[in-house]
Each structure stands twice: as structure tokens, then as C-alpha cells.
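1. what follows is a predicted structure for the sequence shown.
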Amino acid sequence: MHKIGILVNQGVMATAVTGVIDVLNVANGVYKKRTGANADAFSWQLIGVDKKYVESSQGLVFKADVWLEETSEFDVLIWPGSQYRSDQDLWQLCKSLKPFHPHIVKLAENAELVMSGCTAVPLLAHTGLLADKKITASWWLDSFFQRHIKGCKLDTSEMLRLDGKFLTCGATSSFLLLTWYLVRHYLGKDIADTVARYLLIDTEQVKQSAFFALNDLPEHQDGEMRKLEQWICDHLDSSIDVSTMAYKLNISERTLTRRFKKLLGVAPMQYVQIARIERACGLLKTTNKTAQQIALGLGYQDDAAFRKLFIKHKGVGMGEYRRNKEFFEL
């Protein structure tokens, strides 16, 4: 039997905890039915990081099975995310958990797999365990990492990233994909895919970039940058490059890139791409313009290149997006 330890701290997302357990429970049922085994494939315990009774961000109280200090070894360590309120609150949580780092590091070193998602990724990274690791996290945490946590190879366009025994995932609901990977790792593709069908887990989920939106980028008070952002949105039909944007602010391209990443969590050209994709989505929903006309109107002479960019961001082609626009508006 594989022992799973689930770290729970104050403010954890309830669904990220109960959802992991639900997937493991269904996997146990499928495993016993397929193999004829009497014993479960997985057992789990809730590990109280800072308290024995942990209140989730939704007010649901979990009673931890064990204290962090009492534990020694699990096959898999999972750290679900907490509800995000602000960068300041998340950074305070990181610092408040620092006294528990030695215990967390010890558990992680003894585990075969260490998994975290959403806001738990920076919590885990703050222990130093993810230094030089290829990781992902919720796409809107880019700027948080820029400000507070260095040394990780972060790519928030990815839904999942595995580096060695460390598996990280995006926003809270991606715990389904994370736990599916765990089931596949230990029980094989056939059982994992059956679990996915029972629970409607999309194992071919699009990249997180499909969910990027300008309105969800961090707010800031930099007046010059705000003017530049507006200029970009007003000139999406023109050729825009980093040198032109840097010239607008009378700074170097390197300084511009640092400024974008610090304030918005994205690179300058990534911001332009997001703006163009959003404009294209609006045109697909509200006009009868062809994909070629939309691409040309957004500064692309080669509509094939824009089509590829659209698929990269949205996970579907422009035609499919238009046909299913009601779904994408949900």
C-alpha cells in the first residue's frame, strides 16, 4: 500500500484536500475491481502543518491525523494550495511557516514523489526544495515569484511540470490532474484512465496560457507603464516590438523586460500576445470576420502564424472557438 501524506495549513482550499482524497478513493475501488485485491492501493493521512485543527478558506475544519513533528515517512507528499487573497498575505504565510521548514524538508527527502499546486508551490519553494527545479504554478503568481522567490525555473504556461521527484501544477482545480498522475505513476495508465473517465478528468488539458487575461494581471501604480499598456492596446494592428516599447519609456530593452515582469509577471511580448488573443476572441464572438481578416487586423501578415499562436494560448483553433463561443464565455 502506498502511503500518501497531505499537508494542510490554515487557509487551505477545501476542494484541493477533499478532491485529492476523492480521486484516491475512486482509484482504490477501480484497483480492487480490476486486480481482485482485497487491500487498497492507497492510504492517506492529513498532516497538520501549524495546527491540529485546520480551518480551510471556506470555513470547513479538518482534523489532522498527525502533527507535522510526529511524522517521518510517506511515499508521496502532497501540499494543496490555499486561497489567494493578495501577494502580501501569501508572503506572510510563507514567512509564518518558516519554522516548520526542517520538518517539511525531511518529509520531502524521504518521499518518492513530492507534489504541490497553486499557492502551495511558492510555499514549497520557500523551503529551498525547488531551487533550480523546473516548476509551474498558478499563472497569476508570476509576479509573486519575481518579487519574493528566486532560483526556480518557473514556467506558468504549463499545467504540470515534473523535475525529478517534484511535480508542480497550476491553479487549485488542477489537483485533479496532479492526483491522476499519481495514480498513473503507481497503478498504470489503464487504471488511471478509468479513474479519469469516472471523474471526468481532462488528462489532455490545455496550457494555462488559455486562461491568461489582461484584467487578471497584477494591479500597479506605475503611471508610465499604464500609458504604455494603453498604447499597446491602441496599436495592436501595427508592428510592436520590444525596442519600440523601450523607446516609448526611454529605457533599455533589458530594463523594460524587468519592469514588465516585476509589475505584471509577464514579458513585454507576452503581454502583447495576450492583448492580441483577447482582441481576436472578441472579434470571433461579435463579428463575421474571417480568421485571415482578424490576423491582418492584428498586425500579422501571415495568418497561419497567428492561428498557431491562438491554438497555443487557447488550446483550440479559431473556428472551433467561434463555434463554441457560448462555452468559452462561461
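-> That came through fine.
2. in the stretch 51-200 of the chain, which spans are strands?
-> In order along the chain, the stretch 51-200 of the chain carries the following strands (DSSP state E, counting those that start in this stretch): 53-55, 61-63, 66-67, 76-79, 113-117, 134-135, 153-154, 160-163, 166-169.
3. what's the closest of the ones you listed to Gln273?
-> Across the strands of the stretch 51-200 of the chain, Gln273 has its closest neighbour in strand 153-154 (18.1 Å, CB to CB). The C-beta positions use only the backbone N, C-alpha and C, and glycine is treated the same way.
4. direction included, what does that closest one pair up with?
-> strand 134-135 (parallel) (DSSP bridges).
5. what is the mean pLDDT for the strand it pairs with?
-> The average pLDDT within strand 134-135 is 93.
6. next one: stretch 81-99
-> 91.
7. buried residues, it. List them.
-> Gly81, Ser82, Gln83, Tyr84, Asp87, Leu90, Trp91, Leu93, Cys94, Leu97 (16 or more other CB atoms under 10 Å).
8. for the longest helix anywhere in the chain, packing partners?
-> In the chain, taking DSSP state H as the definition, the longest helix is helix 14-35. Under the contact criterion of 3 or more CB pairs under 8 Å, 6 or more residues apart in numbering; DSSP states H and E, helix 14-35 touches strand 2-8, strand 42-48, helix 175-187, helix 189-199.
9. and that helix, C-alpha only, in PDB?
-> What follows is helix 14-35, C-alpha atoms only, in PDB (Å, rounded to 0.1, in the frame of the first residue of the first chain):
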ATOM      1  CA  ALA A  14     -11.200  22.600   1.000                       C
ATOM      2  CA  THR A  15     -11.700  21.200  -2.500                       C
ATOM      3  CA  ALA A  16      -8.000  20.800  -3.000                       C
ATOM      4  CA  VAL A  17      -7.900  18.500   0.000                       C
ATOM      5  CA  THR A  18     -11.200  16.600  -0.400                       C
ATOM      6  CA  GLY A  19     -10.700  16.400  -4.200                       C
ATOM      7  CA  VAL A  20      -7.400  14.600  -3.800                       C
ATOM      8  CA  ILE A  21      -9.000  12.100  -1.400                       C
ATOM      9  CA  ASP A  22     -11.900  11.500  -3.700                       C
ATOM     10  CA  VAL A  23      -9.600  10.700  -6.600                       C
ATOM     11  CA  LEU A  24      -7.500   8.300  -4.400                       C
ATOM     12  CA  ASN A  25     -10.700   6.700  -3.100                       C
ATOM     13  CA  VAL A  26     -12.100   6.000  -6.600                       C
ATOM     14  CA  ALA A  27      -8.700   4.700  -7.600                       C
ATOM     15  CA  ASN A  28      -8.700   2.200  -4.800                       C
ATOM     16  CA  GLY A  29     -12.100   1.000  -5.900                       C
ATOM     17  CA  VAL A  30     -11.000   0.600  -9.500                       C
ATOM     18  CA  TYR A  31      -7.800  -1.100  -8.500                       C
ATOM     19  CA  LYS A  32      -9.500  -3.700  -6.300                       C
ATOM     20  CA  LYS A  33     -12.100  -4.400  -9.000                       C
ATOM     21  CA  ARG A  34      -9.500  -4.800 -11.800                       C
ATOM     22  CA  THR A  35      -7.000  -6.800  -9.800                       C
END
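10. Asp241 is nearest to which of the strands of the stretch 51-200 of the chain?
-> The nearest among these, by CB to CB, is strand 153-154 at 24.4 Å.
11. how far off centre is that closest one?
-> A distance of 12 Å separates the centroid of the chain from that of strand 153-154, by CA atoms, centre = their mean, to the nearest Å.
12. tell me which residue is most central in this structure.
-> Gly170 (1.5 Å; CA atoms, centre = their mean).
13. which residues are in contact with the residue lying closest to Ile21 once chain neighbours are set aside?
-> Once flanking residues are discounted, Ile21 sits nearest to Trp44: 6.3 Å by CB to CB, 6 or more residues apart in numbering. Going by CB atoms under 8 Å, 6 or more residues apart in numbering, Trp44 touches Lys3, Ile4, Gly5, Ile6, Val20, Ile21, Leu24.
14. picking that back up, can you tell me which residues contact the residue nearest to the centre of the chain?
-> Gly117, Cys118, Thr136, Ala137, Ser138, Trp139, Thr156, Glu158, Met159, Leu160, Gln208 are the contacts of Gly170 under CB under 8 Å, 6+ apart.
15. and Lys207, what's its pLDDT?
-> The predicted local confidence for Lys207 is 57.
16. rewinding a little: so what's the residue nearest to the centre of the chain scoring on pLDDT?
-> So, for Gly170, pLDDT stands at 83.
17. please shift the residue numbers so they start at 514 in all later answers.
-> Shifting the count to begin at 514 puts that one at Gly683.
18. on that earlier part again, among the helices and strands packed on helix 527-548, which comes closest to Leu809?
-> Of all the helices and strands packed on helix 527-548, helix 688-700 comes closest under CB to CB, at 36.8 Å.
19. no more questions from me, cheers.
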